[in-house]
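> coordinates for the following, if possible.
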Amino acid sequence: MTDPTGPGRPDAVPPMNTIPDGQRVPPPRRPAPPRPQPIRTVDDLPIGVIVALGTVILVVLAVLLKSTVPAVFDWFGQQDWHQLTQWLQTIDQPVRDYLAAHTVGLPLTATTAYVLWQCIGLGSLGLGFLTGAVGARLTWIAYGAATTVMVWSQAPTAGRAVATGLTVLAWTAASTLALRGLSLRPVIR
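Residues are numbered from 1 along each chain as shown. Coordinates of the predicted model:
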C-alpha cells in the first residue's frame, strides 16, 4: 500500500512546522512621527507681537463697551418694570407686615428687623455662591423657609396660595446661585 501523501503525488502538501505561541514575535512597530511643540506665548512670540495683540484686544473691548453700555441703559430705561415690582411687592409687603406685627414690645424696631432680614438674605446668598460654605447654604435654606412662612401668615386670605407660590419660585430661582455645585451624590475617594 502506498502513502497517499507521499512524494510521488503532485498535490501532496508538505507537513507544516509550527512555531509555539511563546516564541512568536510581533512585527516591529513603526515609531510615531514626532509631535509638534505647542506655542508658549511668553517663550515663542516676540514681545512686540504680544503687545500688539493686547492693544488690539483692548481697543475692541473699548469699542464694544462704548457701543453696548449706552444701548443697554437705554433699553432698561424704556422697559416697563411694573410686573417685576408687583412680584417683589407680593413677597415684600407681607414680610414687612409680619415683622411689624411681631416686633411690638421688642427693643428692635420693625425697620431694623427688615434691614437685618435683607442683609441676612443677601449675605447668605452671596456667601453661598462665592464660597459654597455649608453654614451660608444652611442659612439660605432657613431664610427661604422663614420668608415663605412670613408670606403665608400675612398675605391676604384670597391670595395667600399665590403669594406663597411666588415666594417659593423666587427663592428657588435664587437658590440656583446660593446652592451652586451642591450634589446629593456622595463623594467616593
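
> so where's this structure uncertain?
1-16, 39-42, 187 (pLDDT under 70).

> for it, which segments count as helices?
Counting by DSSP state H, the chain has helices at residues 41-44, 47-78, 82-102, 110-130, 134-154, 160-178.

> what would the ones you listed look like in TSV with mean neighbour count and distance to Pro34?
For glycine as for every other residue, the C-beta is placed from the backbone atoms N, C-alpha and C. Below are these laid out as TSV (neighbours: other Cβ atoms under 10 Å; distance: least, Cβ to Cβ, whole Å):
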stretch	mean neighbour count	distance to Pro34
helix 41-44	8	17
helix 47-78	10	26
helix 82-102	15	60
helix 110-130	16	45
helix 134-154	17	50
helix 160-178	16	48
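
> so which of the ones you listed comes closest to Arg24?
Among these, helix 41-44 comes nearest to Arg24, with 46.6 Å by Cβ to Cβ.

> with just CA atoms, put stretch 83-102 into CSV.
What follows is stretch 83-102, C-alpha atoms only, in CSV (Å, rounded to 0.1, in the frame of the first residue of the first chain):
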residue,chain,number,x,y,z
GLN,A,83,-44.7,93.4,36.6
LEU,A,84,-41.4,92.8,38.4
THR,A,85,-42.1,95.4,41.1
GLN,A,86,-45.5,93.8,41.6
TRP,A,87,-43.9,90.5,42.1
LEU,A,88,-41.4,91.9,44.6
GLN,A,89,-44.2,93.7,46.5
THR,A,90,-46.2,90.5,46.7
ILE,A,91,-43.3,89.0,48.7
ASP,A,92,-42.0,92.1,50.4
GLN,A,93,-45.2,93.6,51.8
PRO,A,94,-46.3,90.5,53.8
VAL,A,95,-42.8,90.3,55.2
ARG,A,96,-42.9,93.9,56.3
ASP,A,97,-46.3,93.4,57.9
TYR,A,98,-45.2,90.2,59.7
LEU,A,99,-42.1,92.0,61.1
ALA,A,100,-44.2,95.0,62.2
ALA,A,101,-46.7,92.8,63.9
HIS,A,102,-44.2,90.6,65.7
